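Asker: can't give you the sequence, but here's the structure:
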């Protein structure tokens, strides 16, 4: 699986499969683990989703943060997770 952040796909035809999304696990806003850890976990989950779609690569990767709703559980408002979206694609040789 390739994660493509820049225009490093010269000479390759990109065939979109569809937009996909995934997220890290829920964690406290003041977690002892770094945000980079949660970004990496979210990206791992996105790769799993892309593999399920038989994608060769993911492009247009974008990160965000989801916050839990107050009404779900007491203390839930302090929870968040990193979400990541991308475009799953097939790569083909340009002719």
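Answerer: It's in. As the structure is a computational prediction, the values presented were derived from the model and not from experiment.
Asker: Only C-alpha atoms from now on, for both contacts and neighbour counts.
Answerer: Will do.
Asker: Could you look up the SS state of the residue lying closest to residue 22 once chain neighbours are set aside?
Answerer: Spatial nearest neighbour of residue 22, excluding adjacent residues (Cα to Cα, 6 or more residues apart in numbering): residue 46 at 5.1 Å. Under DSSP: H, G, I helix; E, B strand; the rest coil, residue 46 falls in the helix class.
Asker: Against residue 30, how distant is residue 46?
Answerer: In this view, residue 46 and residue 30 are 24 Å apart by Cα to Cα, to the nearest Å.
Asker: the more surrounded of the two?
Answerer: Set side by side, residue 46 and residue 30 show more neighbours around residue 46, with 24 against 11, by other Cα atoms under 10 Å.
Asker: residues contacting the residue nearest in space to the middle of the chain?
Answerer: With distances taken as Cα atoms, centre = their mean, the chain has residue 84 as the residue nearest its mean C-alpha position (3.0 Å). Applying Cα atoms under 8 Å, 6 or more residues apart in numbering, we find residue 84 in contact with 21-23, 39, 42-43, 46, 61-64.
Asker: Strands of the chain, residue ranges please.
Answerer: Per DSSP state E, the chain carries strands over the ranges 2-4, 12-23, 27-28, 57-67, 79-93.
Asker: quick one: contacts of the third one?
Answerer: Read that as strand 27-28. Applying Cα under 8 Å, 6+ apart, the external contacts of strand 27-28 come out as 78-81.
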